[in-house]
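> this is a predicted model, with the sequence first.
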Amino acid sequence: MTESLPLQAELARINRRQFLGSLSMGVGAAALSQLPGMSAIAGSSPQVASGLGHHMARAKRVIFLCMAGGPSQLETFDEKPLLHKMHGEIMPGSFTEGMPLAQLQKEAQLKVLGSPATFARHGKSGQLISDYLPHIASVADDIAIVRSMVTEQINHDPAHTFMNTGSIIPGRPSMGSWVNYGLGSESDDLPGFIVLTSVAGRNPQPIAQRQWSSGFLPSRLAGVEFQGKGDPVHYISNPKGISRDRQEHFINAVADLNRLRGDVTHDPEIDSRIAQYELAFKMQMSVPELMDLSDESPEVLEMYGAVPGDGSFASNCLLARRLAERGVRFIHLYHRGWDHHGGLRQYMDICTKACDQPTAALIKDLKQRGLLEDTLIVWGGEFGRTPMSQGGGDDPGRDHHIKGFSMFLAGGGIHGGTSIGATDDMGYHAVEDVVHVRDLHATMLHQLGIDHEQLAVRHQGLDVRLTGVEPARVVGELLA
């Protein structure tokens with residue numbers, strides 16, 4: 001990739017309105033002064049709603065619904081009748097020989113596990129969806145199902161890291177940071193990248209904060225985690241006896257001191273610190289208003305199944321819609337507990353009841369408000385589950401699986417009512433229209449108006465991209 005143009009040449013490529021607009025959202029300072037080694041991302045005309053895109057965008061924002069732990073594709077979107085016929089039999093070695101297995105490698109025999117789910121066709125498109133997801137089935141014509149996802153990491157933390165950053169190396173920027181770096185935020189008083197983690201959830205495995213880190217990008221681009229209960233952000237209220245005027249005076253004084261220091265050190269992180277102080281001050285007004293759901297009708301709360309302030313996935317989905325309305329660029333929801341090594345029937349029932357209704361409600365709500373057309377929704381986990389059983393008893397589970405699993409997308413220029421890809425008859429290998437995690441990232445960026453090959457930052461002598469150096473493609477079959 002070519003080196004970046006000098007600053008003067010870079011500025012000459014964009015008009016005054018575009019330049020001022022990008023500065024107002026923080027990305028201008030990031031792209032034009034803080035990281036002079038960034039490859040040029042400015043196009044010849046301002047075709048993205050805010051920021052500097054490469055082509056016409058179909059989406060302005062992303063809501064990524066992460067089912068942390070790895071939901072089973074065989075109980076959600078990928079029906080395999082052969083598993084029923086072979087239930088309890090030894091898994092043919094031709095499928096598993098030489099394949100990475102997370103925990104099953106110590107078992108002498110790998111046995112086929114038929115699915116307890118019943119599948120049916122839904123919508124005018126006839127999407128095949130299981131009875132574990134009746135509400136998502138009701139929006140079948142709005143979603144595009146990918147049944148041929150593959151990834152590279154078979155254990156949770158590195159798999160999350162790969163899904164979120166495109167690399168297994170800790171410290172790389174997350175998806176939300178890349179998106180905000182490339183486009184900036186449309187919100188002046190909220191972070192451009194917000195993370196919500198459900199309080200409830202069976203077997204809540206920890207999700208490391210580095211999953212939404214900005215890595216080597218400016219720290220202002222890191223995800224900000226909102227708490228599900230109590231104050232959504234720590235220290236959102238002023239200390240006792242401190243008025244808003246006094247707080248503003250303090251913020252301005254600290255900013256002046258930081259600018260003096262910045263003039264000496266030329267450290268770009270000082271600019272980030274100033275911006276974060278200023279944003280935090282604005283959030284003291286915007287966040288309480290965001291979290292006040294008193295203006296939501298009983299019908300909307302019922303549609304989501306949300307109880308305000310309970311920190312559930314349902315409440316977080318409703319907050320995601322409110323964040324989308326307020327211009328937040330990347331909204332990442334985590335619901336933990338999908339790691340079903342045992343008790344598959346029991347825990348699939350728990351997890352789907354927590355997530356099915358609010359997911360469908362979010363899609364319907366955005367659509368009713370005219371927001372779905374420019375909001376890209378992504379639903380899925382860090383990997384899938386094996387067609388073989390794990391654990392004994394009457395309700396065994398499934399192990400981690402990376403060779404073929406399912407996700408779905410909706411809104412943001414995605415062709416609803418579409419299914420692409422397929423796994424083999426046993427549900428082990430993706431064999432048709434294979435979609436790698438890098439392809440998912442490339443497609444997501446494309447819908448936002450960004451060419452994944454051009455959004456790059458020079459770091460440690462390399463032009464680093466979200467999609468890495470391996471080939472990645474935009475999955476055109478998903479696009480409307």
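Cool, got the structure.

> next, count neighbours for Arg369.
Arg369 is flanked by 12 other residues according to other CB atoms under 10 Å. Any C-beta I mention is one placed from the backbone N, CA and C, and that applies to glycine too.

> and for Ser198?
24.

> surely it and Phe313 touch.
Yes: here Ser198 reaches Phe313: they are 4.3 Å apart, a contact under CB atoms under 8 Å.

> what residues are shared contacts of these two?
Leu333, His335, Ala354 (CB atoms under 8 Å, 6 or more residues apart in numbering).

> the last one falls within a helix, correct?
Yes: membership of Ala354 in a helix is supported by DSSP: H, G, I helix; E, B strand; the rest coil.

> per-residue confidence at it?
On pLDDT, Ala354 comes in at 96.

> ok, now how distant is it from Thr265?
48 Å (CB to CB, to the nearest Å).

> out of the two, which sits in the busier spot?
Ala354 (20 against 9).

> leaving out sequence neighbours, find the closest residue to the more buried one.
Phe313 (5.4 Å; CB to CB, 6 or more residues apart in numbering).

> I figured that neighbour hits Trp338, correct?
No: if you go by CB under 8 Å, Phe313 and Trp338 don't touch, sitting 11.5 Å apart.

> who has more neighbours, the two?
Phe313 (32 against 26).

> tell me which residues are up against stretch 465-480.
Residues outside stretch 465-480 that contact it (CB under 8 Å, 6+ apart): 58, 144, 146, 165-167, 173, 175, 178, 409, 413-416, 418, 420, 433, 435-436, 438-443, 445-447, 452-453, 455-456.

> in helices, which of the residues you listed fall?
Among the contacts of stretch 465-480, the ones falling in helices (DSSP state H) are Thr165, Met175, Trp178, Arg438, Asp439, Leu440, His441, Ala442, Thr443, Leu445, His446, Gln447.

> for the spatially closest residue to the fourth one that is not a sequence neighbour, helix, strand, or coil?
It refers to Arg438. Take Arg438 and drop its neighbours on the chain: the residue closest to it by CB to CB, 6+ apart is Ala472, 3.8 Å away. When classified by three-state DSSP, Ala472 comes out as coil.

> and the gap between Ala472 and Met56?
From Ala472 to Met56 the distance is 20 Å (CB to CB).

> the two: which is more packed in?
Ala472 (22 against 11).

> could you pull up phi and psi at the more buried one?
In terms of degrees, to the nearest 10, the main-chain angles of Ala472 are phi -140, psi 150.

> report pLDDT for it.
So Ala472 comes in at 97 (pLDDT).

> and Pro308, by the same measure?
On the pLDDT scale, Pro308 is placed at 89.

> and it, how far from Arg473?
42 Å.

> repeat for Glu75
Separation of Glu75 from Arg473 (CB to CB): 29 Å.

> quick one: which of these two has more around it?
Relative neighbour count places Glu75 above the other of Glu75 and Arg473, with 25 against 14, counting by other CB under 10 Å.

> and that one, what does it touch?
Ser115, Pro116, Ala117, Ser130, Tyr132, Leu344, Met348, Arg385.

> which ones are touching the third one?
When contacts are counted by CB under 8 Å, 6+ apart, Ala117 is found next to Leu74, Glu75, Thr76, Glu79, Ser130, Asp131, Tyr132, Met348.

> please tell me I have it right and the third one contacts Ala137.
No: taking contact to mean CB under 8 Å, the distance of 10.4 Å between Thr76 and Ala137 leaves them out of contact.

> name the residues contacting each of these two.
In contact with both Thr76 and Ala137: Ile129, using CB under 8 Å, 6+ apart.

> neighbour count for the two, which is higher?
Thr76 (29 against 21).

> return the per-residue confidence for that one.
Note on Thr76: pLDDT of 98.

> looking at this protein, which helix or strand is least sure?
Least confident helix or strand, the chain: helix 27-29 with a mean of 33, by mean pLDDT, DSSP states H and E.

> which helix or strand lies directly C-terminal to that helix?
strand 61-68 (DSSP states H and E).

> who is Leu462 paired with across the strands?
Beta-bridge pairing of Leu462 under DSSP bridges involves His459.

> so where do the helices sit in this protein?
7-12, 16-24, 27-29, 81-85, 93-96, 134-137, 156-165, 175-183, 244-265, 268-291, 298-304, 313-325, 344-368, 437-447.

> quick check: the gap between the residue nearest the centre of the chain and Phe77.
What sits nearest the mean C-alpha location of the chain, by CA atoms, centre = their mean, is Phe64, with 3.1 Å. For Phe64, the distance to Phe77 equals 18 Å [CB to CB].
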